[in-house]
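>>> give me coordinates for this.
(one chain, ligands or ions: 1)
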Amino acid sequence: MALTANDQTIKGNFKGKDILSLDQFAPGDISILFKKTLLMKKIAANAKPSDILKGNIVTLIFYEPSSRTFGSFGAAVKQLGGSTIEILDPKSFSSVSKGETLEDTIRVFEAYSDIVVIRHPKAGTAQKAADFANFIPIINAGDGIGEHPTQALLDLFTIFEHTKRLDRLTGILAGDMLNGRTVHSLIRGLSKYKNNTLYLLSPKELRLDKADRTLFQKSKIKLIEIDSEKNIPKNADFWYWTRVQKERFKSKKQYEKVKNRFILNSKLVKEKAGKNTIFMHPLPRVGEISTEIDEDPRAVYLRSEVRNGMYVRMALIALVLGKIK
Ligand code: NCD
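Numbering: from 1, shown residues only. Take a look at the predicted model:
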């Protein structure tokens, strides 16, 4: 929507805004979104179709593989009676294969639709797309190692459902802090609230980069970097496990060296989890959570965390299009 950085803060009004980073949100904005998410939960449960987005078209253009985020956005739009234009892998299946620039692609699809949802392998591309778009909002569905704001919003909603608060929390984030965009957005989100402590469990090579660490040090959040399960505190509010981001490594050898160093399994759960600790994962998992945990009632990653993704995206799209207040 070609806004300057300052205009992007939500400040209680979602209408017409690009959704690019958790930095745009204050706790009050997150509360508004959560209230609407509860409404969407009811709408999705209703057999009667909703027509909140009737006549609206949302373009999903994903330059990187995705099934759940893509599916979740598509389902969200359809639950509200809207339609989608879906372009997966534009490098092979669109004019991008003929050399079209991002600017032209965005200018074309803004003529057809009311929102463009974009995923791209390069950090900063969602912002670029927003600069190119003149008339419609852009939603970032993951930009390389940058951010994944809608994932963080659904993760915050899932935590809130269980703890009824987003302050005074202790959480463990495990896996790839360097390349994981979901953790980058989640830390930003939790840093808006008071007295949150996050233990970042990762191999030393996959710690946050310097720029992120400096940025978070200036915020309210307390981050403790650890590289052994021994240092996980008992009874944390949530555990958020992530995949080591294979596609960001220069060599297979480097990836093999650090992959799956920390596995969430029943031994670790017995030693460190509390009866109310929830186990989260943005998915896909590739071995870092043992399947023996799946039936544990504290595991939300294949349950509410997935469903909440659709509800949060329904609420966000309806708010951005000004269809609900
Ligand atoms: C995440 C992503 O793409 O960043 N997945 C998702 O959106 N559900 C996490 C990942 O790929 O590891």
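>>> now Asp114. Nearest residue, chain neighbours left out?
With sequence-adjacent residues excluded and distances taken as CB to CB, 6 or more residues apart in numbering, Asp114 is closest to Asn56, at 4.8 Å. Glycine gets a C-beta too; all of them are placed from N, C-alpha and C.
>>> over to the one you found: give its phi and psi.
phi -100, psi 150 (degrees, to the nearest 10).
>>> how close does it get to Leu321?
6 Å (CB to CB, to the nearest Å).
>>> which neighbours do those two have in common?
Residues within reach of Asn56 and of Leu321 at once, by CB atoms under 8 Å, 6 or more residues apart in numbering, are Asp114, Ile115.
>>> for the chain, which segments count as strands?
57-62, 83-88, 115-120, 138-143, 170-174, 197-201, 222-226, 238-241, 278-280 (DSSP state E).
>>> mean confidence for the third one?
In this model, strand 115-120 has a mean pLDDT of 98.
>>> ok, residues contacting that strand?
56, 58-64, 66, 69-70, 73, 106, 109-110, 125-126, 129, 133, 136-144, 317, 320-321.
>>> any idea of the pLDDT on the residue located most distally from the centre of the chain?
If you look at how far each residue of the chain sits from its centre, by CA atoms, centre = their mean, the farthest one is Lys98, at 30.8 Å. pLDDT, Lys98: 81.
>>> now Lys325
Looking at Lys325, the pLDDT reads 88.
>>> and Arg207, by the same measure?
Value for Arg207, per-residue pLDDT: 98.
>>> near His162, how many residues? Count them for me, please.
16 (other CB atoms under 10 Å).
>>> Leu88 too?
Counted with other CB under 10 Å, Leu88 comes out at 17.
>>> looking at the strands of the chain, spot the one closest to the ligand.
Smallest distance to the ligand across those (CB to the nearest ligand atom): 4.7 Å, for strand 138-143.
>>> which residues does the nearest residue to Glu86 once chain neighbours are set aside contact?
Nearest non-adjacent residue to Glu86, counting by CB to CB, 6+ apart: Leu60, 5.0 Å away. Contacts of Leu60 were listed using CB under 8 Å, 6+ apart, and they are Phe70, Phe73, Gly74, Thr84, Ile85, Glu86, Ile87, Leu88, Val117, Ala141.
>>> what pLDDT does Leu60 get?
Reported pLDDT for Leu60: 97.
>>> distance of it from Arg119?
In terms of CB to CB, Leu60 sits 8 Å off from Arg119.
>>> quick one on the thing from earlier: hey, what's the residue nearest to Glu86 bridged with?
Note on Leu60: beta-bridge partners by DSSP bridges are Glu86, Val117.
>>> ok, which pair from the contacts of Leu60 is furthest apart?
Ile85 and Ala141 (14.3 Å; CB to CB).
>>> who's more crowded, those two?
Using other CB under 10 Å as the criterion, Ile85 and Ala141 rank with Ala141 on top: 26 against 13.
>>> nearest residue to Gly180 other than its sequence neighbours?
Thr242 (4.9 Å).
>>> wait, the one you found sits on Ala174?
Yes: at 6.6 Å, Thr242 counts as touching Ala174 under the criterion of CB atoms under 8 Å.
>>> tell me the contacts of the residue nearest to Gly180?
Here Thr242 is in contact with Leu173, Ala174, Gly175, Asp176, Gly180, Thr182, Val183, His281, Pro282, Glu288 (criterion: CB under 8 Å, 6+ apart).
>>> distance of the closest residue to the third one other than its chain neighbours from Leu223?
What that stands for is Gly175. Take Gly175 and drop its neighbours on the chain: the residue closest to it by CB to CB, 6+ apart is Thr242, 3.4 Å away. Separation of Thr242 from Leu223 (CB to CB): 15 Å.
>>> so Ser66 sits right up against Gly142, yeah?
Yes: counting by CB under 8 Å, Gly142 is a contact partner of Ser66 at 7.4 Å.
>>> who has more neighbours out of those two?
Gly142 (28 against 18).
>>> how far does stretch 74-90 sit from its chain's centre?
With CA atoms, centre = their mean, to the nearest Å as the basis, stretch 74-90 stands 18 Å off its chain's centre.
>>> err, stretch 228-243, not the other one
For stretch 228-243, the distance to the chain centre is 20 Å (CA atoms, centre = their mean).
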